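S.K.: This is a predicted model, with the sequence first.
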Amino acid sequence: MKQPLTSQQRFARNLTQQHEEILSKLKVKGTGSDDLAGWFLGPKAENTQLLQELIRQALDNHCNDRKNLYPNDPVYVTEEMKQTPEYQQTVKILKDKLDVLLEQLKGSVPFWSYRWQSHMNWDTTLPSMAGYFGTMLYNPNNVAAEASPVTTVLEMIVGDELCKMLGYNISEESQTQGPKAWGHITCDGSIANNEAMWAARNLKYYSISLAAAIKNEPLLQKAGALKISLANGTVTTISQASSWDLLNLSVDEVLSLPDRLNSEFHINLDLLNDIMENYSIQNIGFDGVNKYLDSDIKSPVLMAASTCHYSWPKSAAVLGIGANSLIKVYVDENARLHIGRLKEELQNALDNRMPVLMVVAVIGTTEESAVDPLKDIIQVREEFRKQGLNFVIHSDAAWGGYFTAILRQPERQVSNRFVLYTPTLTMNAYVTEQYAHIHQSDSITIDPHKAGYIPYPAGGLCYKNGAMRNLVAFAAPVVYHGGVDPTVGIYGLEGSKPGAAAAAAYMSHQVIPLDQSGYGQILGKCLFNSKRLYSAFITMAEPDDPFTIVPFQRLPAEKNGEGPDKIKQQYEFIKEEIVPKTNEEIMADPQAVALLPELGSDQIIITYTFNFKENGVLNKSVDKLNELNLNIFQALSLSPGEHDHPSKTPMYLTQSQFDNESYGKSFVDDYKKRLGLSIDNDEPVNILISTTMNPWLTDTSEGNFIPELVKVLRQTVLEQVEKLVGALEEA
Ligand SMILES: Cc1ncc(COP(=O)(O)O)c(C=O)c1O
């Protein structure tokens, strides 16, 4: 007999119908364009007229909409009012204040400039600007569907698009590809990471809570016979499983439990949710849940490469897990998670019954754009599963997620016309292999406001099994009480959030496809440009210069363990055959084409440090080297002080440090040795960082801009070396 729909199911059905209706209007198949010149405003605002037209289009639409909606409602601001001195004074103040603001805004950092080779951002796309502006006028709030009927659907579309690009299954019907994925927009990558950890924590303890509820609650007791598959494949019942068994179930196994209680034991889901309110870690915290654990179970841990973003320890602190419970696994000499060390930590967790909440793979680190060995991490999980240890794998692709587009074939006919010439590059074989496994992560952070070129705030989180979102829903996921609509807004940490961010991402994806023809084209060109920048920077010091530059990312010959002659040969090749050549000449040289993908970092961030010579002798002091690099950074950034305005700042880069605590002594000492420094100390080493998100850097209307950057950097380094050496001599 057909069961009547519950209110939850009715709501879900209505939402899906609404989604489908708006979707059919918003999502025109085969959309997307090819020409990069029309995607950004341009470093000299070359597309001013186009942007004006887009803004005008959005403004006219909005104003006409106000005029036409409720046509019989009265106006408030009459022509007479506009003639009053008070009104005119108000208008004047408004314009004056805006002038003041706009004048001050000229002191902002010019992200769009060729000279911006610093943090991970660049210009925002024209479609995202237009989408944001047009939507901002309506100011929808994606916290609830009733406050954002259109932009909530846009957020769902964007969530699906991101999941699809990452290789997750977004089809409801597809049984073979596993459960349907789900993604949404967060305010940033930090909050996406926090939510992923929150979901992983709740998932880890869900079955512990459920087993306790089944034991204690008469209404659930019949479910004690529920069969569960343990990490090693053994089948047992939930009442017989040990705490360790329950803490190591797979994600899909845990998420299937409520539905199975319903289908196999006829337990009503609302009733189950009500009962679980008194058992879930969400409600009773660690103290409450620990009461249900066998005595051999220790506190939980998380693991991530030591290069992970600081949002990870922050999230562990916020979630009551404790920042010290995040085990930072030291990285290898390429700044990628060291798989042997990860295994040691996992073995320790297994031996000591420490539940592992999650292992984070960073897909593009903040400071080196290094890609962790995701393929091996997945393999290692398989090995540990057999021994009964299981955990969530999260890919922090906050920065690297959009690079997936480089690997996706366009679904539509694409034009091959290039007005100017920057080749697109694909990622090297190692990186490509890790991306080929990204869809096996249980959750992925991917930020439109980073490599998606979308205005802030737009982070993103995708779950492979969409049901995972229910673990962090504070209102029951699909319960509709007729007042506040449950919607994408109920999942996660945030309350009010801009529908404009969803519209910006939606518009950008519509115009710039998430494949090789769109974002893949932009980021592929950035890859090419980053390799050229790396080549130019590492060869900028001549033997008789009073400075040296050491890139953290070693030459391929060095990485492959070749001897000094081969390394020198490769260096000379880069200096002669790549640096001075045009893009066309490089692409006509098979040796250069083969070398290019191996140069620099895994993505488009390069990391380097300058040292100086005093009377021809290379400095050995870490402190002095740090001072030099800090001074270079201050001269090439909007640091408070002398260089406080872009008009006085000829180029931008950023800085950080390699320290023993985060990277391990052997990693830091190795870099010190490469710089010629003494290693009889535990001082951190300053590093300079350049992110190349500019797809046009090497083919401006006047050719390659990199020589200008090298000129500026050289001049700055020479000035700073002279100052430092002068000061040292005086002292
Ligand atoms: C790898 C990685 N994860 C997370 C974040 C945090 O992102 P957000 O600054 O948007 O919070 C960053 C920021 O740089 C990052 O590089």
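M.R.: That came through fine. Predicted model only: the values in this text are computed from it and were never measured.
S.K.: What strand or helix carries Glu344?
M.R.: helix 339-351 (DSSP states H and E).
S.K.: For that helix, list the C-alpha coordinates in PDB.
M.R.: Extracted in PDB, the C-alpha atoms of helix 339-351 (Å, rounded to 0.1, in the frame of the first residue of the first chain):
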ATOM      1  CA  ILE A 339      53.000   9.200   3.400                       C
ATOM      2  CA  GLY A 340      55.400   7.100   5.600                       C
ATOM      3  CA  ARG A 341      54.900   9.500   8.500                       C
ATOM      4  CA  LEU A 342      51.100   9.400   8.000                       C
ATOM      5  CA  LYS A 343      51.200   5.600   8.200                       C
ATOM      6  CA  GLU A 344      53.200   5.800  11.500                       C
ATOM      7  CA  GLU A 345      50.600   8.200  13.000                       C
ATOM      8  CA  LEU A 346      47.700   6.000  11.900                       C
ATOM      9  CA  GLN A 347      49.400   2.900  13.300                       C
ATOM     10  CA  ASN A 348      49.900   4.700  16.600                       C
ATOM     11  CA  ALA A 349      46.200   5.700  16.500                       C
ATOM     12  CA  LEU A 350      45.200   2.100  15.800                       C
ATOM     13  CA  ASP A 351      47.500   0.600  18.500                       C
END
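S.K.: Show me where the stretch 301-450 of the chain dips below the pLDDT cut-off.
M.R.: Applying pLDDT under 70 to the stretch 301-450 of the chain flags residues 416-420.
S.K.: Now with 50, please.
M.R.: Flagging of the stretch 301-450 of the chain using pLDDT under 50 yields the residue ranges 418-419.
S.K.: right, and His583 touches Pro423 too?
M.R.: Small correction: residue 583 is Asn, not His. Yes - counting by Cβ atoms under 8 Å, Asn583 does reach Pro423; the two are 6.2 Å apart. From N, CA and C alone the C-beta is placed, and that goes for glycine too.
S.K.: Check the contact lists of the two and give me the overlap.
M.R.: By Cβ atoms under 8 Å, 6 or more residues apart in numbering, Asn583 and Pro423 have these common neighbours: Phe528.
S.K.: So what touches the helix or strand hosting Val91?
M.R.: Assigning secondary structure by DSSP H and E places Val91 in helix 85-105. Residues outside helix 85-105 that contact it (Cβ under 8 Å, 6+ apart): 81-82.
S.K.: can you give me the mean pLDDT across it?
M.R.: Average pLDDT, helix 85-105: 97.
S.K.: how far does the helix or strand just after that helix sit from the chain's center?
M.R.: As assigned by DSSP H and E, the chain's next helix or strand after helix 85-105 is helix 126-136. Here helix 126-136 is found 21 Å from its chain centre; the criterion is Cα atoms, centre = their mean, to the nearest Å.
S.K.: which element follows helix 126-136 toward the C-terminus?
M.R.: That would be, after helix 126-136 and using DSSP H and E, helix 149-166.
S.K.: The residue in the stretch 101-250 of the chain positioned nearest to the ligand - nearest residue in space that isn't next to it in sequence?
M.R.: In the stretch 101-250 of the chain, the residue that lies nearest the ligand is Gly189 (2.6 Å; Cβ to the nearest ligand atom). Nearest residue to Gly189 in three dimensions, chain neighbours excluded: Ala398, at 3.3 Å (Cβ to Cβ, 6 or more residues apart in numbering).
S.K.: That neighbour: which element?
M.R.: Under the criterion DSSP H and E, no helix or strand holds Ala398.
S.K.: Glu627 is in contact with Leu724, correct?
M.R.: Yes - applying Cβ under 8 Å, one finds Leu724 in contact with Glu627, separated by 6.3 Å.
S.K.: for the stretch 551-700 of the chain, what are the low-confidence residue spans?
M.R.: For the stretch 551-700 of the chain, no stretch is flagged by pLDDT under 50.
S.K.: Identify the residue spatially nearest to the residue in it positioned nearest to the ligand, adjacent ones excluded.
M.R.: Closest residue of the stretch 551-700 of the chain to the ligand, Cβ to the nearest ligand atom: Ile605 (9.3 Å). Among residues not flanking Ile605 along the chain, Ser369 sits closest, at 3.7 Å (Cβ to Cβ, 6+ apart).
S.K.: Now do the phi/psi pair for that neighbour.
M.R.: The phi/psi pair for Ser369 (degrees, to the nearest 10) reads phi 40, psi 50.
S.K.: got a list of what it touches?
M.R.: Shown in contact with Ser369 (Cβ under 8 Å, 6+ apart): 399-400, 601-605, 691.
S.K.: most surrounded residue in those residues?
M.R.: Sorting the contacts of Ser369 by how many neighbours each has (other Cβ atoms under 10 Å) puts Gly400 first, at 32 neighbours.
S.K.: follow-up on the earlier one: roughly how far does the residue of the stretch 551-700 of the chain closest to the ligand sit from Ala557?
M.R.: Applying Cβ to Cβ, to the nearest Å, the value for Ile605 to Ala557 is 21 Å.
S.K.: Repeat that for Thr366.
M.R.: 27 Å.
S.K.: These two: which has the busier surroundings?
M.R.: Neighbour comparison, Thr366 and Ala557: the larger count goes to Thr366, with 23 against 20 (by other Cβ under 10 Å).
S.K.: Give me the spatial nearest neighbour of the more buried one, chain neighbours excluded.
M.R.: His309 (5.4 Å).
S.K.: The one you found falls within a helix, correct?
M.R.: No - assessed with DSSP: H, G, I helix; E, B strand; the rest coil, His309 is coil; it does not lie in a helix.
S.K.: Correct me if wrong: it contacts Ser190.
M.R.: Yes - assessed by Cβ under 8 Å, His309 is found in contact with Ser190 at 7.4 Å.
S.K.: so what's the backbone phi/psi at Ile549?
M.R.: phi -130, psi 130.
S.K.: correction: Leu302
M.R.: Dihedral angles (degrees, to the nearest 10) for Leu302: phi -130, psi 160.
S.K.: Burial check on it, number of neighbours?
M.R.: The number of residues packed near Leu302 is 29, by other Cβ under 10 Å.
S.K.: Report the distance from the helix holding Val91 to the chain centre.
M.R.: Relative to where its chain is centred, helix 85-105 has its mean C-alpha point 38 Å off (Cα atoms, centre = their mean).
S.K.: pLDDT wise, what is Ser33 at?
M.R.: pLDDT at Ser33 comes out at 82.
S.K.: and it, what does it touch?
M.R.: Contacts of Ser33 were listed using Cβ under 8 Å, 6+ apart, and they are 39, 511-512, 518.
S.K.: taking those residues one by one, which sit in strands?
M.R.: Taking DSSP state E, every one of these sits outside strands.
S.K.: Tabulate the residues you listed (CSV), appending distance to Gly460.
M.R.: Shown next, in CSV, are the contacts of Ser33 (distance: Cβ to Cβ, whole Å):
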residue, distance to Gly460
Trp39, 20
Val511, 18
Ile512, 16
Gly518, 17
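S.K.: Restricted to helices, list those residues.
M.R.: Val511 (DSSP state H).
S.K.: restrict the contacts of Ser33 to those near the ligand?
M.R.: Restricting the contacts of Ser33 to those touching the ligand (Cβ under 6 Å from any ligand atom) yields no residues.
S.K.: who wins for most neighbours among the contacts of Ser33?
M.R.: Ile512 (28 neighbours).
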